[in-house]
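Chemist: Need coordinates for the following:
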Amino acid sequence: MSHSDNNRLRSIWQAGGTVFNSMLKIPSAFAAEIMANQGWDSLTIDLQHGPVSDRDVFGMLQAIFTTSTVPLVRIPWNEPSIIMRMLDAGCYGVIGPMINTRAEAEAFVGACRYPPEGYRSYGPYRTGLEAGPDYSDRGSDTPIAIAMIETAAALHNLDAILSVPGLDAIFIGPNDLARSLKAQQHGGSSELDVTDAIDEIIAAAQRHDIVAGIYTPTPEDAVRMMEQGCQFIALSADAYLLASAAGQVLKRVRANTG
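Modeler: A predicted model of the protein is given here:
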């Protein structure tokens, strides 16, 4: 299926809609193909947490591109060469973890954009096949740049990060955020409530006209975060969904055996 138009996620957000996403942690093109055929708006290949390697990404992208699902990649670290390689391979957006300062956000966004908006090197060897021959002419419009806000430092520098030109969205990492805030408080509560911090991040994103996103482990969490204004919902992951479904089926069968 052709993805020759500009990034479909932008159209969803501009219309006020929500992008439903899930994380891909299983290093398999077949697993990616199965997930992509379930109707997700986008899927994120997770290079940060899990066994997926650079070698796995290419086949997973090819599998996703058999559908209209938009492929994203979460990189392991804010490192320009990884960002550029993933964009050249065919992903339509990058999630950058642990973005703590304006300078880090500028470096991240710059690696996603061709000059003059950024410093991305030219070489879309595969993206050009999927996105069309004019990809290089609109290459700064297509990739989505999503910065993860997941530390006390990022919270402190929130307005500076959100004011970086070219940043499309932020993605809240609630688990790391809770750990970072707890460490800042020198231990603090063992059950630190990050609700206020999340509310602050969402409100700031809306002030800056930046899409707010968050990871949610359950559908109930996803609905609640949508109601709070998040337009990018990462709901669970392929490995977790597989484990949950398999466990539920087995439990039901065993419940009916003597």
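
Chemist: can we go C-alpha only for contacts and neighbour counts from here?
Modeler: Noted.

Chemist: Show residues contacting the top helix by length along the chain.
Modeler: Longest helix of the chain, by residue count under DSSP state H: helix 238-255. Helix 238-255 has contacts (C-alpha atoms under 8 Å, 6 or more residues apart in numbering) with 22-26, 31, 35.

Chemist: Repeat the analysis, applying 10 Å as the threshold.
Modeler: For helix 238-255, the surrounding residues in contact (C-alpha atoms under 10 Å, 6 or more residues apart in numbering) are 22-27, 31-32, 34-35, 43, 50, 217-218, 235, 237.

Chemist: how near is the residue nearest to residue 16 when sequence neighbours are not counted to residue 15?
Modeler: Leaving out its chain neighbours, the residue that sits closest to residue 16 by C-alpha to C-alpha, 6 or more residues apart in numbering is residue 231, at 7.9 Å. Distance, residue 231 to residue 15, by C-alpha to C-alpha, to the nearest Å: 11 Å.

Chemist: Please apply the same query to residue 24.
Modeler: Residue 24 is 26 Å from residue 15, where distance means C-alpha to C-alpha.

Chemist: Between those two, point out the one with more neighbours.
Modeler: residue 24 (27 against 9; other C-alpha atoms under 10 Å).

Chemist: Was I right to think that one contacts residue 61?
Modeler: No - under the criterion of C-alpha atoms under 10 Å, residue 24 is not in contact with residue 61, lying 11.0 Å apart.

Chemist: Mutual contacts of the two, please.
Modeler: Once C-alpha under 10 Å, 6+ apart is applied, the residues that residue 24 and residue 61 both contact turn out to be 32, 43-45, 72-73.

Chemist: By neighbour count, which of the residues you listed wins?
Modeler: Going by other C-alpha under 10 Å, residue 45 tops these with 30 neighbours.

Chemist: Model confidence for residue 1, exactly?
Modeler: Looking at residue 1, its pLDDT is 42.

Chemist: With the one 5 residues further on instead?
Modeler: Here the pLDDT value assigned to residue 6 is 64.

Chemist: One more: residue 129?
Modeler: So residue 129 comes in at 70 (pLDDT).

Chemist: cool, and residue 183?
Modeler: At residue 183, the pLDDT value in this model is 81.

Chemist: Phi, psi for it please.
Modeler: Per-residue torsions, residue 183: phi -60, psi -40 (degrees, to the nearest 10).

Chemist: quick one: it and residue 153 touch, right?
Modeler: No - with contact defined as C-alpha under 10 Å, residue 183 does not reach residue 153; the gap is 11.5 Å.

Chemist: between those two, what contacts are shared?
Modeler: residue 177.

Chemist: more neighbours, these two?
Modeler: Higher neighbour count among residue 183 and residue 153: residue 153, with 17 against 14, using other C-alpha under 10 Å.

Chemist: State the helix or strand in which the more buried one lies.
Modeler: According to DSSP states H and E, residue 153 maps onto helix 152-156.

Chemist: can you give me the end-to-end distance of stretch 30-49?
Modeler: 19 Å.

Chemist: same deal with stretch 85-104?
Modeler: Across stretch 85-104, first to last residue, C-alpha to C-alpha, it's 19 Å.

Chemist: Likewise for stretch 126-144?
Modeler: Termini of stretch 126-144 sit 17 Å apart (C-alpha to C-alpha).

Chemist: Show the contacting residues for residue 89.
Modeler: By C-alpha under 10 Å, 6+ apart, the contact set of residue 89 is 57-59, 61-62, 83, 123-130.

Chemist: Now do the worst-scoring helix or strand of the chain on mean pLDDT: which elements does it pack against?
Modeler: Of all helical and strand segments in the chain, the minimum by mean pLDDT, DSSP states H and E falls on helix 127-131, at a mean of 71. With contacts defined as 3 or more C-alpha pairs under 10 Å, 6 or more residues apart in numbering; DSSP states H and E, the packing partners of helix 127-131 are helix 80-89.
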